[in-house]
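> Okay, sequence plus prediction incoming.
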Amino acid sequence: MADREPVAISGVHAVSALGRGADAQLAGVLAGMPAFRPVRRFDTAARRVRVAATLPDVGTLPDELADAIDAACRAAGLSAADRAQSALLLATHGGPASQPRAFRDDRAVDDGPTGTGPEVPALAGHLARRCGLGGPTRVYTAACVSASTAVADAAALIRRGDLDRVVVAAGYLVEPDQFALFDAGRALAADGAVRPFSAGRQGLLLGDGVAAVVLESAAAARRRGASPPATVAGWGRAGDAYHPCQPDPQGRGLARAVGAALHRAGLPADTVGYVNANATGTGFSDASEAAALRLALGARAARVPVSSTKALHGHALEASGLLELVVTVQALRHGKLPVNAGFLGPDEACPLDVITDAPRPVTTPYALSLNAAFGGANTALLVGAP
């Protein structure tokens, strides 16, 4: 395989509070209506913040992941034989892999022993067997860069020729433990809105997210006669080495990740026509990301359209990178860039071209999807339209 041949994204699927399916994600982010509402999945009476972007009807995480993997494989047109030769990389939370109960209409329903699933170390193998995937499996629990790290690893394995095809899946369903931790740490937005890059932003809000994508070599896609809707043209990962929780104010780690993605693609910075930002609506993080874009893209950073779709579907933690990748693929595919909801006004620490009023047309075939995590981990995925 050529050193810089893009990796095909041949099938995508996603579920969030915006709806079920990749098309529902695009429709939701283009409509610009945030999906946050009071949480009824568990008791929030003692919490400072009581809203999240949750699906009204959701099964256990293993069931939702299996459905997403099946849907992405069908979207890619994979046969049973194709599936049998596909690896599975799974990104999910490091605690129990499933909720102890299934949820219907935001009310807990006791499903008995069938409502639970395997713990995380065994979940990837369980899902692979259930979905007919016969290749190797791997699990990622690296916080908010879990899914994007899995995509980067999958792309590297494919480009290197180690594997022809990898299914990457990721999932997080809003649950009481993480909700309580973010609330106690005052990371959640008390005003019930996520306002990335905006003056007056107060923090993040959590959201359900389950997604799956099929990645394969261009040669493997051609052999099947597939027409992939997008490619992973490049990817990069870098650490801040700055602070256990706070991001580097100068954004140097994320800037290096962006630079690595462009280098792997063999493309200059002015190729980037959109950034689906990590921006969580928190003060330090958004300013750091704006600084990173200025470092990585230079003067062009002020002219590249930017938005964070977390303002609409919430922060899906380990699944965020894959949910946002699906949104970015759909945006490029359909030629429309999503809005940055909740914007109150510019912040001098974030001098970017934020999409605030209405979706904009796509002007170049390349976009960045960025993610960052506590501990200073940063990822950049460069997505290309066919």
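Cool, got the structure. Residues are numbered from 1 along each chain as shown.
> Show residues contacting the helix or strand harbouring residue 274.
Using DSSP states H and E, residue 274 maps to strand 272-276. Strand 272-276 is contacted from outside by 262, 293, 297, 300, 304-309, 324, 327-328, 331-332, 337-338, 362-370, 382, using CB atoms under 8 Å, 6 or more residues apart in numbering. Where C-beta positions appear, they are placed from N, C-alpha and C, glycine not excepted.
> ok, now stretch 22-38?
12-14, 16-19, 44, 50-54, 75, 192-194, 205, 207, 309, 311-314, 323, 326-327, 329-331, 334, 336, 338-339, 341-342, 358-359.
> Flag every buried residue along that stretch.
22, 25, 26, 28, 29, 30, 32, 34, 35, 36 (16 or more other CB atoms under 10 Å).
> Straight-line length of stretch 302-322, end to end?
26 Å (CA to CA, to the nearest Å).
> switch to numbering from 8
Right, with 8 as the first residue, what we last looked at is stretch 309-329.
> If we go by neighbour counts, what in that stretch is buried?
311-329.
> Please compute how far that stretch lies from its chain's middle.
Here the centre of stretch 309-329 is set off from its chain's centre by 7 Å, with CA atoms, centre = their mean, to the nearest Å.
> For that stretch, give the mean pLDDT please.
The average pLDDT for stretch 309-329 rounds to 98.
> before we move on, the earlier item: can I get the buried residues of stretch 29-45 in JSON lines including pLDDT?
Putting these into JSON lines (pLDDT from 0 to 100) gives the following:
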{"residue": "29", "pLDDT": "98"}
{"residue": "32", "pLDDT": "98"}
{"residue": "33", "pLDDT": "97"}
{"residue": "35", "pLDDT": "97"}
{"residue": "36", "pLDDT": "97"}
{"residue": "37", "pLDDT": "97"}
{"residue": "39", "pLDDT": "95"}
{"residue": "41", "pLDDT": "98"}
{"residue": "42", "pLDDT": "98"}
{"residue": "43", "pLDDT": "98"}
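> of the contacts of strand 279-283, buried ones?
The buried subset of those (16+ other CB under 10 Å) comprises 269, 300, 304, 307, 311-316, 331, 334-335, 338-339, 344-345, 369, 373-377, 389.
> Can you get me a residue count around residue 284?
30 (other CB atoms under 10 Å).
> wait, isn't it in contact with residue 296?
Yes - Residue 284 lies in contact with residue 296 (CB atoms under 8 Å); the separation is 5.9 Å.
> residues shared between the contacts of these two?
With CB under 8 Å, 6+ apart as the test, residue 284 and residue 296 both reach residue 377.
> Quickly note the distance from residue 246 to residue 260.
From residue 246 across to residue 260, the span is 5 Å (CB to CB, to the nearest Å).
> Neighbour count: the two, which is higher?
Taking other CB under 10 Å, residue 246 and residue 260 do not tie; residue 260 has more neighbours (21 against 16).
> Show the model's pLDDT score for the nearest residue to that one once chain neighbours are set aside.
Using CB to CB, 6 or more residues apart in numbering and skipping the chain neighbours, the partner closest in space to residue 260 is residue 247 (3.8 Å). Per-residue pLDDT puts residue 247 at 91.
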